[in-house]
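> Model the structure of this input:
(2 chains)
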Amino acid sequence: MNDLIRNAETINKLLSRYGVKFGIYKNGEFREQLFPFDPIPRIIGNDEFSYLEKGLRQRVDALNCFLSDIYGKKQIVKDRVIPEEFIFSAKGFLVPCDGVTPPKGIYSHISGIDLVQSKDNNWYVLEDNLRVPSGASYPMIARELQRRSAPDAFTKNDVIDNRNYADLLKEVMDHVNTGGINVILSPGRYNAAFFEHSYLAEKTGAVLTTGKDIVCENDNLYYIDYNGKKQRVGAVYRRISDEYLDPMTFYEESVIGIPHIFEAYRKGNAALLNAPGNGVADDKGIYYFVPKMIKYYLGEEAILMNAPTYLPYYEKDMQYVLDNFDKLVIKDVAEAGGYGVVFGSSLTAEKKSEFIALLKAEPRRFIAQEVIDFYDLDILDENGTKVPRKADLRAFVLTGRTTKVWASGLTRFSRNPDSFIVNSSQGGGFKDTWVLSR
Amino acid sequence: MFIPQDNERQKITELKISSGYDTCFSITDDVFHNKKLYGRIEKPHDKFEISISGCADTGLNVFEEFISSESYPYCPFSTTVFGVQTRLTMPGINIWKLHKSLCLNEITEPYDKTMKIMKTVAEVLKYDAGATGVHEAAENALSLKSGVCQDFAHIMISLLRMANIPARYVVGMMLGEGASHAWVEAFCRGYWYGFDPTNNKLVNDEYIKVSYGRDSSDCPVIKGNFYGNGMQTQKEEVNVEEIHAKE
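Residues are numbered from 1 along each chain as shown, chains lettered A, B, ... in the order given. Have a look, this model is predicted:
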């Protein structure tokens, strides 16, 4: 462990050299910043990981059932488990996806589930990310570099090797591939996660490409290589959001997508990872219903808990939210990346009444949650002193032939001692996540 | 682009598509089962033309697609999705005011409510080809009190949805018009009926339906993009002639 701490600075330098950066658009300007790495790993014991693994697989399996139901028979709505309003008016419900079954029936291939641990050692799921969850490459490369600087640290401590992520990902791509090559579709060099796109392409052997190199002809997708030769594409791990994926089906002004890619997908001639339309399941409003989904589709009780959540849409919950406003955190369901999060206690009286008026006018737009007393993790500050900070864990769950949980994950922490918001787009840092084999 | 197809109101025959380019086109269905023609041209070109001709036997029925909630596979989808406001039909202060002034709760039948809404939209809005943009929101058009058939339809759809009547946007052609036309279908008494708020008229055998959707962005007459930095303009000609009168 001491070797790791001693080499922290070198590793950060190497990460910067390898381009492990995070791009941020602020006020219309593109800036790249380093994603600061902290050498003290988060350590998850084997029993604890088995518990998380079981819970995560159950949750992702239920979410996949939900997506297949919503874009199919909609039984869960007919049975009134989830109100219609939460589906058909959700921004993430994409009408063109209705009735489309993706190859092998899988909607969420790569799921990023965000968890936090409370002071009393319980794990809570804070958010499901089923669209384009990013971040797996950071612990991958950090581990790779650390192995060089302190090879013994990992065997001595019985840490499960996490370098198999690329194999897991490749296995999923191959499983859903409809015949042809695997590609990773990136918006390009100026995307926040471009490092990750190129790294995963390298590690999985998929072709890294942008929209301009792929065409759709006769409902099939082709990659045009440097010789001008066309190669059939069977699976697209796309790192472009739904809206921009196909200008002919979604956002017309998109210049990073592939015209008519949706036709190839609809006809079952190419797999898209993840399937378009998944946003209806990771909507913060739908989050409330995930434990109910698990019960409904799998007939099981949820293993992992949600943070206690209230839906102002229900009158009873609205009353609770108004009565306990100061101790709750309110989230705008349409926002992501730590934006649109309001802590009731942090508002001035004036702002508070403004916010409550908005909440009453658009109850569907918000959820309220109890503030979880996070279990803090130690990080090293600038002077090399250990200080406690809030941290979360993004677990990566991959669904192919079966659903598997990667024995690692992205631990993000807030560098600001008073902040709960750990998102990398808001300046947080990351740690390696160790899962022990004993 | 969308191609007219058979439904309970119309039968299409002698359909001919010609583009004059050596290129492949595919025909596909969109999510609403509209027929869509798509393709791409790889060679550099400075214009793109396509023409479609055919015969339509119209006025076969006054409504279409009876959908019993049991038989249709995606039951809530068939109507629910048309009951939800979209970005273009989202009511603002002007539409809210108009909605209030209609006092629709005094009327019981959805069909009668729809008639009143159509009549009101036709009165409030003035036809003005230059007033609004390609995908103008209903609220903006109403604040200008003028617009084209698309704006008439969007405002009517917005009001229908506020009255809990599912409504869809229809693109098609009308006898005697030189351009494509847009109107509204409202779900009343279990059937989709056509209403033309621009002409304050029930849709009859003078209308040929091409496509429908939640609003105009679901069914543009034609759309596409190109790589290159040229400027572009689009010209559209529609010619509908009566071949023989009804017996």
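
> If you rank every helix and strand of chain A by mean pLDDT, what lands last?
strand A:21-26 (a mean of 69; mean pLDDT, DSSP states H and E).

> how far away is B:Tyr21 from B:Glu49?
B:Tyr21 is 8 Å from B:Glu49, where distance means CB to CB, to the nearest Å. Backbone N, C-alpha and C define where each C-beta goes, glycine included.

> Likewise for B:Asp6?
For B:Asp6 relative to B:Glu49 (CB to CB), the value is 26 Å.

> out of those two, which sits in the busier spot?
Higher neighbour count among B:Asp6 and B:Glu49: B:Asp6, with 13 against 9, using other CB atoms under 10 Å in any protein chain shown.

> For A:Ala368, give the beta-bridge partners.
Partner residues in beta bridges with A:Ala368, using DSSP bridges, are A:Tyr310, A:Ile330.

> residues near it, how many?
24.

> Need the pLDDT of it.
Here the pLDDT value assigned to A:Ala368 is 94.

> In contact with it: list those residues for me.
Shown in contact with A:Ala368 (CB atoms under 8 Å, 6 or more residues apart in numbering or on different chains): A:309-310, A:312, A:317, A:320-321, A:328-331.

> which pair in these spans the largest distance?
Greatest spatial distance among the contacts of A:Ala368 (CB to CB): A:Tyr320 and A:Lys331, at 15.6 Å.

> Those two: which is more packed in?
The neighbour comparison of A:Tyr320 against A:Lys331 (other CB under 10 Å) goes to A:Lys331, with 24 against 15.

> Report the separation between the residue nearest to A:Lys212 when sequence neighbours are not counted and A:Ala142.
Nearest residue to A:Lys212, sequence neighbours excluded (CB to CB, 6 or more residues apart in numbering or on different chains): B:Tyr227, at 7.4 Å. The spacing between B:Tyr227 and A:Ala142, counted by CB to CB, is 39 Å.

> In terms of neighbours, single out the busier of those two.
Neighbours were counted for B:Tyr227 and for A:Ala142 using other CB under 10 Å; A:Ala142 has more, 26 against 8.

> where's the residue nearest the centre of chain B, which helix or strand?
By CA atoms, centre = their mean, the mean C-alpha position of chain B lies nearest to B:Val170, the distance being 1.8 Å. Here B:Val170 is covered by strand B:167-174, with elements defined by DSSP states H and E.

> So what's the gap between that strand and the chain middle?
Remark: strand B:167-174 is offset 2 Å from the chain centroid, using CA atoms, centre = their mean, to the nearest Å.

> What lies in contact with that strand?
Contacts of strand B:167-174 (CB under 8 Å, 6+ apart): B:2, B:4, B:82-83, B:153-154, B:156-157, B:160-161, B:180-187, B:192, B:194, B:196, B:206-216, B:218-221, B:238, B:240.

> May I have the strands that pair with that strand, each with its orientation?
Looking at strand B:167-174 with DSSP bridges, its partner strands are strand B:181-188 (antiparallel), strand B:207-213 (antiparallel).

> so for it, what's the average pLDDT?
The average pLDDT within strand B:167-174 is 94.

> And the strands in the stretch 1-150 of chain A?
A:21-26, A:29-34, A:37-44, A:110-117, A:123-129 (DSSP state E, counting those that start in this stretch).

> Neighbours of A:Tyr71, how many?
Residues lying near A:Tyr71 (other CB under 10 Å) number 25.

> again with B:Ala56
22.

> for it, helix, strand, or coil?
State at B:Ala56, reduced to three classes by DSSP: H, G, I helix; E, B strand; the rest coil: strand.

> tell me the contacts of the nearest residue in space to it that is not next to it in sequence?
Excluding the flanking residues, the one nearest B:Ala56 by CB to CB, 6+ apart is B:Ile208, at 4.7 Å. Residues in contact with B:Ile208, defined by CB under 8 Å, 6+ apart, are B:4, B:10, B:56, B:58, B:172-174, B:240.

> Return the distance of B:Ile208 relative to B:Ile243.
Distance from B:Ile208 to B:Ile243, by CB to CB: 12 Å.

> shaky segments in chain B?
By pLDDT under 70, the low-scoring segments of chain B are B:22-23, B:64-78, B:245-247.

> how far away is A:Asp392 from chain B?
Separation of A:Asp392 from chain B (CB to the nearest CB, to the nearest Å): 33 Å.

> And for that residue, the neighbour number?
Other residues within reach of A:Asp392, judged by other CB under 10 Å, total 25.

> The helix or strand it falls within relative to strand A:123-129, how many degrees between them?
Here A:Asp392, judged by DSSP H and E, is contained in strand A:391-399. Calculated by axes from the mean of the first three to the mean of the last three CA atoms, to 10 degrees, strand A:391-399 forms an angle of 60 degrees with strand A:123-129.

> per-residue confidence averaged over strand A:391-399?
96.

> Contacts for the helix or strand following it next, please.
Moving toward the C-terminus from strand A:391-399, the first helix or strand encountered (DSSP H and E) is strand A:403-405. Residues outside strand A:403-405 that contact it (CB under 8 Å, 6+ apart) are A:52-53, A:56-57, A:60-61, A:168, A:395-398.

> let's go with 6 Å and repeat that
Contacting residues not belonging to strand A:403-405 are listed as A:53, A:56-57, A:60-61, A:397-398 [CB atoms under 6 Å, 6 or more residues apart in numbering or on different chains].

> and it, which strands flank it?
Paired neighbours of strand A:403-405 in the sheet (DSSP bridges): strand A:391-399 (antiparallel).

> next one: the strand it pairs with to chain centre, how far?
Relative to its parent chain, strand A:391-399 has a centroid offset of 7 Å by CA atoms, centre = their mean.

> What residues of it count as buried?
By 16 or more other CB atoms under 10 Å in any protein chain shown, the buried positions in strand A:391-399 come out as A:391-399.

> Among those, which one lies nearest to chain B?
The closest of those to chain B turns out to be A:Thr399 (CB to the nearest CB; 24.3 Å).
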